[in-house]
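1. Below are the sequence and a predicted model for it; my questions follow.
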Amino acid sequence: MIHPNSTYKRIWDLFVFICITYFAIEVPLRLVFHQKLTSGVNAWERFIQIIFGIDLILNFFTAIIRERLLIQNRKIVAKSYLKTWFLIDFLSAFPFDLFGGFFFAYFGVTDSLKILRLLRSVRVFELFKSLRMLALGADSEDRFKLLEVINPMTFRLIFFVYWTTLFAHWVACGWIHLSPEFLTDKDMFTRYIRALYWSVTTLTTIGYGDITPTTNKQTIYTMGVMILGVGIYGYVIGNIATLLSNLDISRVTFQEKLNTINSFIKYKKIPPHLANRIRSYYVNLWENKHGIDESEIWDQLPSGIKIDVSMFLHNHLISVVPFFKHAPEELKREVVLELKPAYYMKGDMIFREGDVPHNMYFLSKGHVEVIKEKTGELLATLNSGSFFGEMSLIDDSLRTATIKAGSYCDVYTLSRDAFQEILRHHPSFDKHIQEIANERKVHQSQSKHPN
């Protein structure tokens with residue numbers, strides 16, 4: 001059985017969609033202008049009919065998805081197809097022109113039966129839905145699960161524009177069919193453009209009145225188009241309004257949060273310099289993270305995915321720390337899971353010289369300045385990918401320098417308590433850390449009492 005979400009099936013569906021669109025545009029034009037097919041066009045249409053026939057057969061051998069379950073039973077698949085799309089696909093693929101004499105003798109029609117190919121246009125919605133979805137995990141047990149690759153509102157707008165354009169084309173062809181005398185002195189292209197102009201102005205309820213019905217059939221047809229136009233116009237306005245309001249939900253949410261912060265600042269009568277720092281923090285948070293609350297997303301992820309994502313995002317950060325370079329992979333996975341995000345504005349003191357240490361820091365974005373508190377001397381500047389405060393994990397010494405944010409900084413912290421808990425699970429690495437701590441103490445003792 002063919003998997004419905006395989007790459008080849010997606011490509012095939014796209015090709016079938018193009019063929020359906022071609023017929024939906026070409027067949028009405030040929031019928032209203034009574035054009036004869038050239039040998040080249042006839043061969044092309046015969047090829048498309050063969051494509052439709054192959055697609056009809058493939059549908060009997062394509063698995064279906066029901067309630068997130070992949071059904072590959074051929075009897076169930078065939079029964080489902082026969083109840084749904086089979087008749088439409090059959091009528092659109094059947095070569096009526098090859099049996100013209102039979103249909104003319106019994107029904108009095110031949111070429112007009114090609115209009116039945118337009119029935120296949122109703123399948124465009126299903127193909128649209130298929131093309132906007134992406135299969136997840138093609139080689140896993142969850143390969144039948146789908147992910148929307150186009151925002152639902154965007155999809156609705158694209159689909160609506162497609163169908164509205166196609167419908168306006170059909171209405172224009174209908175006007176030409178009901179008005180054989182319409183601009184008979186003009187060429188075919190001009191007649192079609194003017195008819196399409198009438199179709200658009202009528203469907204959009206503008207109706208300039210420069211093209212008006214003169215017969216009862218035209219009048220009834222125009223009234224029907226007007227009624228449909230009112231519905232389409234209302235649908236367009238409603239969808240565009242919804243689309244614009246949801247165009248950037250994260251920005252709207254951020255603005256609401258900023259309004260709440262401004263109310264808080266006003267209510268608490270916070271001084272201007274502090275208020276500006278608060279606003280600056282949230283603006284930088286928006287510019288760097290688009291207002292995403294990383295902790296909230298993190299808490300909702302299952303542990304298995306959380307560990308893998310953590311390793312992908314943070315493994316390069318911890319691997320540059322000397323005593324983590326040769327750490328077991330299991331310990332690294334536990335460490336990255338304990339990393340907590342933190343943000344600092346330019347000028348913020350991350351910690352001061354002489355502070356009691358509690359965390360180690362990994363600098364993901366921005367740069368920090370290492371300063372000697374007493375003299376104000378700039379000892380070093382650390383950039384993205386650097387780390388600092390690592391000795392807080394292995395000894396009790398106080399901070400030996402002040403770390404100041406030189407720009408907006410996106411950092412991750414590892415607490416000493418969390419690290420000590422991890423070491424309990426890895427006694428051999430705990431021994432290695434103790435050796436490093438002892439060597440550091442010896443080195444400090446020698447530096448104080450040189451030989």
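-> Thanks, I have the structure now.

2. ok, and what's touching stretch 391-401?
-> Contact partners of stretch 391-401, identified using C-beta atoms under 8 Å, 6 or more residues apart in numbering, comprise 323, 351-360, 370-373, 379, 389, 414, 416, 419, 433-434, 436-437, 440-441. For every residue, glycine as well, the C-beta is placed using N, CA and C.

3. what do you get if the cut-off is 7 Å, keeping everything else the same?
-> Here stretch 391-401 makes contact (C-beta atoms under 7 Å, 6 or more residues apart in numbering) with 351-360, 370-372, 379, 416, 419, 433, 436-437, 440.

4. same question, stretch 164-181
-> Stretch 164-181 is contacted from outside by 24-25, 28-29, 32, 182, 191-192, 195-196, 198-200, 203, 217-218, 221, 225, 232, using C-beta under 7 Å, 6+ apart.

5. just the buried members of the residues you listed?
-> 24, 28, 32, 182, 191-192, 195-196, 198-200, 203, 218, 221, 225, 232 (16 or more other C-beta atoms under 10 Å).

6. rewinding a little: can you tell me which of the contacts of stretch 164-181 end up in helices?
-> Using DSSP state H, the subset of the contacts of stretch 164-181 located in helices is 24-25, 28-29, 32, 191-192, 195-196, 198-200, 203, 217-218, 221, 225, 232.

7. counting contacts, what elements does the strand or helix carrying residue 255 pack onto?
-> Element membership for residue 255 (DSSP states H and E) is helix 249-268. The contact analysis (3 or more C-beta pairs under 7 Å, 6 or more residues apart in numbering; DSSP states H and E) places helix 249-268 against helix 272-289.

8. Show me which residues of the helix it packs on are buried.
-> Within helix 272-289, judged by 16+ other C-beta under 10 Å, the buried ones are 275, 281, 284, 285, 286.

9. As a check, name the ranges of all strands in the stretch 51-200 of the chain.
-> 64-66, 69-71, 133-135, 146-148 (DSSP state E, counting those that start in this stretch).

10. ok, so of the buried residues of helix 272-289, who is nearest residue 59?
-> residue 286 (48.2 Å; C-beta to C-beta).

11. how far away is that closest one from residue 66?
-> 42 Å (C-beta to C-beta, to the nearest Å).

12. Ok, residue 18 next?
-> 28 Å.

13. same question, residue 410
-> Residue 410 is 44 Å from residue 66, by C-beta to C-beta.

14. okay, the two: which has more neighbours?
-> Higher neighbour count among residue 410 and residue 66: residue 410, with 19 against 9, using other C-beta atoms under 10 Å.

15. before we move on, what SS does the more buried one have?
-> strand (DSSP: H, G, I helix; E, B strand; the rest coil).

16. That one and residue 367: what is the separation?
-> As judged by C-beta to C-beta, residue 410 and residue 367 stand 11 Å apart.

17. repeat for residue 338
-> On the measure of C-beta to C-beta, residue 338 and residue 367 end up 24 Å apart.

18. Return the set of buried residues in stretch 254-264.
-> So, applying 16+ other C-beta under 10 Å, buried residues of stretch 254-264: residue 254.

19. tell me the SS of residue 361?
-> Look at residue 361: counting by three-state DSSP, its state is strand.

20. What's opposite it in the beta bridge?
-> Taking DSSP bridges as the rule, residue 361 bridges to residue 388, residue 413.

21. got a list of what it touches?
-> Contact partners of residue 361, counting by C-beta under 7 Å, 6+ apart, are 350, 387, 388, 389, 411, 413.

22. try 6 Å this time
-> Residue 361 makes contacts with 388, 389, 411, 413, as judged by C-beta atoms under 6 Å, 6 or more residues apart in numbering.

23. quick one: low-confidence ranges for this structure?
-> By pLDDT under 70, the low-scoring segments of the chain are 37, 67-68, 96-155, 243-251, 288-294, 440-451.

24. Which parts of it belong to which domain?
-> 1-127, 249-292, 295-448 (automatic domain parsing).

25. Tabulate the ones you listed in CSV, adding columns for distance to residue 212.
-> Below are the domains of the chain laid out as CSV (distance: least, C-beta to C-beta, whole Å):
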stretch, distance to residue 212
domain 1-127, 20
domain 249-292, 46
domain 295-448, 60
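
26. and residue 216, how many neighbours?
-> Residue 216 has 8 nearby residues by other C-beta under 10 Å.

27. cool, and the one 10 residues further on?
-> Using other C-beta under 10 Å, the number of residues around residue 226 comes to 13.

28. do the same with residue 351
-> 19.

29. try residue 377
-> Residue 377 has 10 neighbours, counted by other C-beta under 10 Å.

30. now residue 189
-> Neighbours of residue 189 using other C-beta under 10 Å come to 8.

31. quick one: stretch 313-329 to chain centroid distance?
-> Mean C-alpha position of stretch 313-329 versus that of the full chain (C-alpha atoms, centre = their mean, to the nearest Å) differs by 33 Å.

32. Do me a favour and get the end-to-end distance for it?
-> From its first residue to its last, stretch 313-329 covers 15 Å (C-alpha to C-alpha, to the nearest Å).

33. Show me what counts as buried in it.
-> 314, 317, 318, 321, 323, 324, 327.

34. Could you list which of the residues you listed belong to helices?
-> 314, 317, 318.

35. can you pull out the strands in the stretch 301-450 of the chain?
-> So, for the stretch 301-450 of the chain - with DSSP E, counting those that start in this stretch - the strands run 340-344, 349-351, 359-365, 368-372, 377-382, 387-388, 402-405, 409-415.
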